[in-house]
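S.K.: only geometry, no sequence info:
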């Protein structure tokens, strides 16, 4: 007897608004036998809330996804998650792993994708709307026009200074915990008045502030700061 | 007698695959009274092909969108398009303008959005999947992980050299006509072996080449080049 192994889909579910799921994501979530979810701080709840109505009756598999910076530790965690997922694929079941935004952009799903392929199983990325697109729509700004570059920077990365000195629009992701440091950095660089902020796009409590300098609340993990010099 | 004016929606329809439309885009295209389309070289046909099945019976409005670099000329063209669209909105009809990818990223829809708001009408951006996400999925690469920046550069922009020297992944958009110049530039910088190319993602004739140096065909307008140094 042979079993046709199942396939893994890393499904980008967009920024949070369930209506921003793609038709393809909806189809794959409907067809999958098992829904896998990252389990980490806010993300589990968030990714789950986006798809909950669609997949209420399905078997689920929780994948621990703690926020660690060590590459080695990350690799270990995702190796274990991949082995559990492959156990399900080996039973001939298709698995859909849900991840916020797009699976190619700072996604926990990417780690799972790589490991599952290394273990000899099939995995496919299913594109989604990145959170910075929803942030731009909510702030009513273009991210880039004509020949302007667009620079995406994770808050606190080594290339912050170099990235902030690029022309065009700068998007700072995962600004949550570093929001005060970022505000100071932008102030020192004379860029604070060009900065806007979007918090929890498409999620309960979403906020869009044209002036980052006026925004003094503690921001959640899902804060996106946009730095764009207006044409004067 | 008063008329409730209609509203404009700038609808990002994603990279080309009709299944990558969001649920929101589908709803708005279904509900709209009039579908507006950019009419420019390949884009008219492409944006139209994505939504054709959905909107077969609808009234359409073609918006001339020639490829011009002059800001003044662009402004003039979109002022005229906006006036025509506002004429329709004034009749109480909702208009959905379809644009490839996401409306905040190098989109012709952004110009229309700005002008229509200036003319006193309502307009809303509806996010879509950008082509570079589909390019990454097709090439089976992550755009960015952990603390890596992501730099989006329109081919031939003033900041090419500075952008290409950033760490992390570089995405070069609209590489079509400049593909040979770009290849030479990457070769001179020692980055050619790190470059992949995606052509016509999600469209008929899509191609994903892991090695840009092996790709010698003349590329279409919809070529996306990814430059990413592998971890060694």
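M.R.: That came in fine, so what should we check first? Only a predicted model underlies this, so the values are computations on that prediction, with no experimental measurement involved.

S.K.: just grab the bridge partners of residue A:144 for me.
M.R.: residue B:105 (DSSP bridges).

S.K.: burial measure for it, as a count.
M.R.: Residue neighbour count, defined by other C-beta atoms under 10 Å in any protein chain shown, stands at 24 for residue A:144. Using the backbone N, CA and C atoms, a C-beta is placed for each residue, glycine as well.

S.K.: contact partners for it?
M.R.: A:150, A:168, A:169, B:104, B:105, B:106, B:152, B:154 (C-beta atoms under 8 Å, 6 or more residues apart in numbering or on different chains).

S.K.: out of these, grab the one that's most surrounded.
M.R.: residue B:104 (31 neighbours).

S.K.: now residue A:118, nearest residue through space, not along the chain?
M.R.: Residue nearest to residue A:118 in three dimensions, not counting chain neighbours: residue A:82, with 7.6 Å by C-beta to C-beta, 6 or more residues apart in numbering or on different chains.

S.K.: so how far is residue B:69 from the one you found?
M.R.: 48 Å (C-beta to C-beta, to the nearest Å).

S.K.: of the two, who's got more company?
M.R.: residue A:82 (24 against 8).

S.K.: mind listing what's buried in the helix or strand hosting that one?
M.R.: Element membership for residue A:82 (DSSP states H and E) is helix A:71-89. Judged by neighbour count using 16 or more other C-beta atoms under 10 Å in any protein chain shown, the buried positions of helix A:71-89 are A:74, A:77, A:78, A:81, A:82, A:85, A:86, A:88, A:89.

S.K.: what is the nearest of those residues to residue A:30?
M.R.: Checking these against residue A:30 by C-beta to C-beta gives residue A:88 as the nearest, at 17.5 Å.

S.K.: can you tell me how far the closest one sits from chain B?
M.R.: 22 Å (C-beta to the nearest C-beta, to the nearest Å).

S.K.: just to check, that residue is in contact with residue A:6?
M.R.: Yes: if you go by C-beta atoms under 8 Å, residue A:88 and residue A:6 touch, sitting 6.8 Å apart.

S.K.: which neighbours do the two share?
M.R.: Common neighbours of residue A:88 and residue A:6 (C-beta under 8 Å, 6+ apart) are A:33, A:95.

S.K.: residues in contact with residue A:86?
M.R.: Contacts of residue A:86 (C-beta under 8 Å, 6+ apart): A:116, A:119, A:121.

S.K.: let's see it at 10 Å
M.R.: A:5, A:6, A:8, A:95, A:115, A:116, A:118, A:119, A:120, A:121, A:123 (C-beta atoms under 10 Å, 6 or more residues apart in numbering or on different chains).

S.K.: next: residue A:133.
M.R.: Residue A:133 touches A:14-15, A:20, A:101-102, A:143, A:171, A:201, A:224, B:12, B:101-105, B:125, B:127-130, B:133, counting by C-beta under 10 Å, 6+ apart.

S.K.: cool, and residue A:191?
M.R.: So residue A:191 contacts A:164, A:165, A:170, A:185, A:212, A:227, A:228, A:229 (C-beta under 10 Å, 6+ apart).

S.K.: determine which two of the contacts of residue A:144 are furthest apart.
M.R.: Pairwise over the contacts of residue A:144, using C-beta to C-beta, the maximum falls at B:104 and B:154, 14.3 Å.

S.K.: from the middle of its chain, how far away would the helix holding residue A:82 be?
M.R.: 19 Å (C-alpha atoms, centre = their mean, to the nearest Å).

S.K.: what packs against the helix or strand following that helix?
M.R.: The first helix or strand that comes after helix A:71-89 along the chain, using DSSP H and E, is strand A:95-99. Here strand A:95-99 touches strand A:8-12, helix A:23-31, strand A:34-39, helix A:41-51, strand A:59-64, helix A:71-89, helix A:108-118, strand A:123-126, going by 3 or more C-beta pairs under 10 Å, 6 or more residues apart in numbering or on different chains; DSSP states H and E.

S.K.: now these as JSON lines including distance to residue A:216 and mean pLDDT?
M.R.: JSON lines is the format used below for these (distance: least, C-beta to C-beta, whole Å; pLDDT from 0 to 100):
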{"stretch": "strand A:8-12", "distance to residue A:216": "32", "mean pLDDT": "98"}
{"stretch": "helix A:23-31", "distance to residue A:216": "36", "mean pLDDT": "97"}
{"stretch": "strand A:34-39", "distance to residue A:216": "31", "mean pLDDT": "92"}
{"stretch": "helix A:41-51", "distance to residue A:216": "21", "mean pLDDT": "71"}
{"stretch": "strand A:59-64", "distance to residue A:216": "34", "mean pLDDT": "93"}
{"stretch": "helix A:71-89", "distance to residue A:216": "33", "mean pLDDT": "95"}
{"stretch": "helix A:108-118", "distance to residue A:216": "30", "mean pLDDT": "95"}
{"stretch": "strand A:123-126", "distance to residue A:216": "38", "mean pLDDT": "98"}
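
S.K.: those: which one's closest to residue B:33?
M.R.: helix A:23-31 (22.5 Å).

S.K.: is the closest one positioned near chain B?
M.R.: Yes: counting by C-beta under 10 Å from any C-beta of the partner chain, chain B is contacted by helix A:23-31 at A:23, A:24, A:25, A:26, A:27, A:28.

S.K.: can you give the contact residues for that helix?
M.R.: A:7, A:9-14, A:18, A:21-22, A:35, A:50-51, A:54-55, A:58, A:94, A:96, A:98, A:124, A:126-129, B:14, B:17-23, B:25-26, B:129.
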